[in-house]
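[1] I would like the atomic coordinates for the input below:
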Amino acid sequence: MKAPSIYKSFTAEQLDELNSRFLVSSWSYSKVTSFARNEKAFEMNYIFGIHSKNSATTVAGQAYHESLKYYFEQKKIGNVVEIVELEQIAFDYINNVPGNQWKLQKTTPTIDDCKVEATKNVSALLKNFMSEKSVYEDMISEVIAVELYLNEWLTVNGVDIPMPCHMKIDLVVKTKEGKIAIIDHKSKKSFTPEEEMKLAIGVQAITCVLGYEENSGIKVDEVIFIENKSSQNKDKSAQLMEFRVVMDENARKLYEALLYEPLRRMIEAVQNPDHVYLINDSDNYVDKGELYDFWCRTQISEVEDFNVEESKKELIAKRLKKIRDTSAPMVNPTIIKNFKQVAASFIPYDLSHSNMTYEEKIEHVLRSFGIIVKVAHKFEGYSSSTYLLEVSAGVKIASIYPKRLDLANALDVSNVRIPNELVVHEGKSYVAIEFAKKRNEDLLYDSAFLKAYKIPLGKDNFGNVVHWDFSNQSTPHALICGATGSGKSVCVKNIIEYAIEAGMDDIIILDPKYEFAHHYGNRNGIKVINDIELIEEEVAWQVELMNDYVKNGIIKRTLIVFDEFADAFANSKRGKELDVKGTVVTGMYASGLPKMQTKVVDKLNSLEENLRILLQKGRSSGFRIVAATQRASTKIITGDAKVNFPVQICFRVPKEADSRVVLDEPGAEALTGRGDGLIKSPEYPDIVRFQAFYKP
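    Numbering: from 1, shown residues only. The predicted structure is shown next:
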């Protein structure tokens, strides 16, 4: 065995100083071969941390390895594994690959297509393995280790390499011949030609051997590569092909020499800040669009824009500065920007490009999840925008709703709202997506929008005026909810102003928080009541008036605005406080005088009960009630209470649960505030997003 690397004796301080010299922290067979094949791709992947997405074939190979890992772990402890178990492990692996890691191609244009292709490939690989596993079984006497991850200091070709080697070893076994062998599983669409295997495979083999021997102290006799071909042979020949590399002294010397040359050049490059990484345009393993796009980014981006190791940021930042300083005199920034756009045309659906429109971003995000849509129309409201999506045949509309946060992330907004109902525009149905936009102007109050007793509330994103019709018997009362700053109070004031112009007979404002007193306290025809006891008396009196109107067939248009009714309910009389005591005759004394006793003779209705009576019976006699609150509590806004408020208006609330309390669905938590609201009313087929009017 070789003497240990000198770097294994270094102290932590010495290792930190050594590590600070290099742009990467470790080497591997993959890094060395990548550097030898295409230096620019090496720089992109391993220095700047930009990795290509995985094709369906690549993911199938990864899933195959995951299944074989389980198979040999179970074999090591004597358990037998069936193909169904292996398939389930592979399928779970495929399903858990994030949508943004799949590489979309012509043959697999959607995530679902990629998953189908990966599933088909891995199923074929596992079927081949189970039917031909004798290739493994006939030679294995004992499983020593399964899927080892190693990080070792190595000596290659007599030279101590100044950074550790990182590697994964699939399988280490003792053969029935008594030899120690490393086995590497490979999944292929077609077998690697034997001539190519002889020339190239030895370098990977010696890397694994050196790493395992350094880690375990056990000498390796051979490395066995077993290729599994997913495409079926027409001649029904074997699908698993075995290739052995015997590790005798001559082979070791040859393969170490072959490994050392590209490894030495790679190490020289990553410790030289002036090294120019060349692009190999003939490299079929790398997406050229991605590679040239990366080149553009190095000309104009900062280190924070890349996924680099924290310990390497300072070093790479200096390299980026040098790249820009060198390029600036030679390359005009406009040329780089234009070239970046050309490179982008090779990379479909890449959100890193800032010149993508909202339409393109929406289509991209959904397509990355296998949801094919086209943005057919867009509408700009005052505080939000609406985009109408045309959904391709075969796409489940329900699959779009869970992607709200993915869409929000792409659009750089905190949230998006997708209504539960489809939007019909110009005779065709669409899925709508709504999201916040920067407010450029206010929607000002205008008397021209008032039509008889149709009270204007605001405008939706399609430019239509949203009304609450006082003359419609199916929409007599409105519930308004919203947090501080949401626009709730402004909306209530607008309703009052429009009601005055509409000519309501009586307007009564119950204002326990004194929010409307200075606006309407001195105006004729408007009664403002603030004290809670007076509010209780007023509501009780209105119940009496209503009963009188009903008996006499009188219709008088009365608007009652009850602000912060939840707080008023909490502070009003309840229980025994509502008992009314009186002196009544309960008998006669012997003298003939009446016997008097104080007892409860009647019981007052609570404030909540009186309001409920007005809501239920008052609409036929002209009563219209607005109840507003900041508190979206199920204790206050119960199911029974909402039945009495056919019109439900919700401005921004803190939580999704609050939106569900008021509207029975989420969405109000995603509003922007300042009058951005949702209305649910029998006059509209679905919940409508609107911007409320503002009166300065």
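[2] Please make it C-alpha for all contacts and neighbour counts, starting now.
    OK.
[3] And F645, how far from R652?
    Per CA to CA, to the nearest Å, F645 is found 19 Å from R652.
[4] Kindly report the same for I560.
    24 Å.
[5] Quickly list the domain ranges of this structure.
    1-10+136-270, 53-131, 288-344, 358-436, 451-574+607-692 (automatic domain parsing).
[6] Can you tell me the closest non-neighbouring residue to F623?
    Closest residue in space to F623, ignoring its immediate chain neighbours: T558 at 4.8 Å, by CA to CA, 6 or more residues apart in numbering.
[7] do T207 as well
    Per CA to CA, 6+ apart, closest to T207 is Y29, 6.6 Å.
[8] Determine the number of other residues adjacent to that neighbour.
    19 (other CA atoms under 10 Å).
[9] Next: W468.
    Residues near W468, counting by other CA under 10 Å: 20.
[10] I'd guess it is in a helix, am I close?
    No. Counting by DSSP: H, G, I helix; E, B strand; the rest coil, W468 is not found in a helix; it is strand.
[11] That one: what's it in contact with?
    Listed by CA atoms under 8 Å, 6 or more residues apart in numbering, the contact set of W468 reads K454, I455, P456, L457, T475, V647.
[12] hey, which helix or strand in the protein has the poorest pLDDT?
    helix 333-344 (a mean of 50; mean pLDDT, DSSP states H and E).
[13] Report the buried residues of the helix or strand that comes right after that helix.
    For helix 333-344, the following helix or strand on the C-terminal side (DSSP states H and E) is helix 358-368. By neighbour count with 16 or more other CA atoms under 10 Å, helix 358-368 contains the buried residues Y358, E359, K361, I362, E363, H364, V365, L366, R367, S368.
[14] Averaged pLDDT, helix 358-368. What do you get?
    If you average the pLDDT over helix 358-368, you get 81.
[15] CSV for the contacts of W468, including neighbour count?
    CSV is the format used below for the contacts of W468 (neighbours: other CA atoms under 10 Å):
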residue, neighbour count
K454, 18
I455, 24
P456, 25
L457, 27
T475, 20
V647, 23
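[16] Is it correct that E608 is in contact with A570?
    No. Using CA atoms under 8 Å, E608 is not in contact with A570; the gap is 9.6 Å.
[17] now the helices: where do they sit in the stretch 101-250 of the chain?
    For the stretch 101-250 of the chain, applying DSSP state H, counting those that start in this stretch gives helices covering 111-131, 134-137, 194-216, 249-270.
[18] export the longest one as PDB, just CAs?
    Right, helix 194-216. The C-alpha trace of helix 194-216 is given here as PDB (Å, rounded to 0.1, in the frame of the first residue of the first chain):
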ATOM      1  CA  GLU A 194     -15.800  -2.100 -26.000                       C
ATOM      2  CA  GLU A 195     -13.000  -0.100 -27.500                       C
ATOM      3  CA  GLU A 196     -14.200   3.000 -25.800                       C
ATOM      4  CA  MET A 197     -14.700   1.100 -22.500                       C
ATOM      5  CA  LYS A 198     -11.100  -0.100 -22.600                       C
ATOM      6  CA  LEU A 199      -9.700   3.400 -23.200                       C
ATOM      7  CA  ALA A 200     -11.900   5.400 -20.800                       C
ATOM      8  CA  ILE A 201     -13.200   3.200 -18.100                       C
ATOM      9  CA  GLY A 202      -9.800   2.600 -16.400                       C
ATOM     10  CA  VAL A 203      -9.600   6.300 -15.200                       C
ATOM     11  CA  GLN A 204     -12.900   6.000 -13.300                       C
ATOM     12  CA  ALA A 205     -11.800   2.600 -12.000                       C
ATOM     13  CA  ILE A 206      -8.500   3.800 -10.600                       C
ATOM     14  CA  THR A 207     -10.200   6.800  -8.900                       C
ATOM     15  CA  CYS A 208     -12.600   4.500  -7.100                       C
ATOM     16  CA  VAL A 209      -9.800   2.100  -6.200                       C
ATOM     17  CA  LEU A 210      -7.500   4.800  -4.700                       C
ATOM     18  CA  GLY A 211     -10.400   6.300  -2.700                       C
ATOM     19  CA  TYR A 212     -11.700   3.000  -1.300                       C
ATOM     20  CA  GLU A 213      -8.300   1.700  -0.400                       C
ATOM     21  CA  GLU A 214      -7.300   5.000   1.300                       C
ATOM     22  CA  ASN A 215     -10.600   4.900   3.300                       C
ATOM     23  CA  SER A 216     -10.700   1.200   4.200                       C
END
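[19] still on that earlier bit, for I560 and R652, indicate the residue with more neighbours.
    Comparing I560 with R652 by other CA under 10 Å, the one with more neighbours is R652, at 28 against 21.
[20] returning to what we had before: out of the buried residues of helix 358-368, which is nearest to M130?
    Of all these, S368 has the smallest distance to M130: 33.4 Å, by CA to CA.
[21] Can you get me a residue count around the nearest residue to N307 once chain neighbours are set aside?
    Distances taken as CA to CA, 6+ apart place G49 nearest to N307, at 4.8 Å, with adjacent residues excluded. Other residues near G49 number 14, with proximity taken as other CA under 10 Å.
[22] Wait, G49 touches E310, no?
    No. Distance between G49 and E310: 11.4 Å, which falls outside the contact criterion (CA under 8 Å).
[23] May I have the secondary structure class of P456?
    Applying three-state DSSP: P456 is strand.
[24] what's the burial count for the closest residue to it other than its chain neighbours?
    Excluding the flanking residues, the one nearest P456 by CA to CA, 6+ apart is H467, at 4.4 Å. Applying other CA under 10 Å, we find 20 residues neighbouring H467.
[25] Just list the residues touching H467, thanks.
    Residues near H467 by CA under 8 Å, 6+ apart: K454, I455, P456, L457, G458.
[26] Could I get the pLDDT score of it?
    At H467, pLDDT is 94.
[27] Distance check, it against L678.
    If you go by CA to CA, the gap between H467 and L678 works out to 12 Å.
[28] what residues do these two have in common as contacts?
    With CA under 8 Å, 6+ apart, H467 and L678 have no common neighbours.
[29] for the stretch 301-450 of the chain, what spans make up the helices?
    Using DSSP H, counting those that start in this stretch, helices in the stretch 301-450 of the chain cover 313-327, 333-344, 358-368, 404-411.
[30] hmm, back to that, pick the one among the contacts of W468 closest to Y136.
    Of all those, the one sitting nearest Y136 is V647; the distance, using CA to CA, is 71.6 Å.
[31] Can I get stretch 650-659 in CSV, CA atoms only?
    What follows is stretch 650-659, C-alpha atoms only, in CSV (Å, rounded to 0.1, in the frame of the first residue of the first chain):
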residue,chain,number,x,y,z
CYS,A,650,-64.0,41.5,2.4
PHE,A,651,-60.9,43.8,2.2
ARG,A,652,-57.4,42.7,3.2
VAL,A,653,-57.3,40.4,6.2
PRO,A,654,-54.3,38.9,7.9
LYS,A,655,-54.9,35.2,7.4
GLU,A,656,-56.4,32.8,4.9
ALA,A,657,-58.7,31.6,7.7
ASP,A,658,-60.1,35.1,8.0
SER,A,659,-61.0,35.2,4.3
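[32] Please look at V391 and K374 and confirm they touch.
    Yes. The criterion here is CA under 8 Å, and V391 meets it with K374 at 6.6 Å.
[33] Noted, bye for now.
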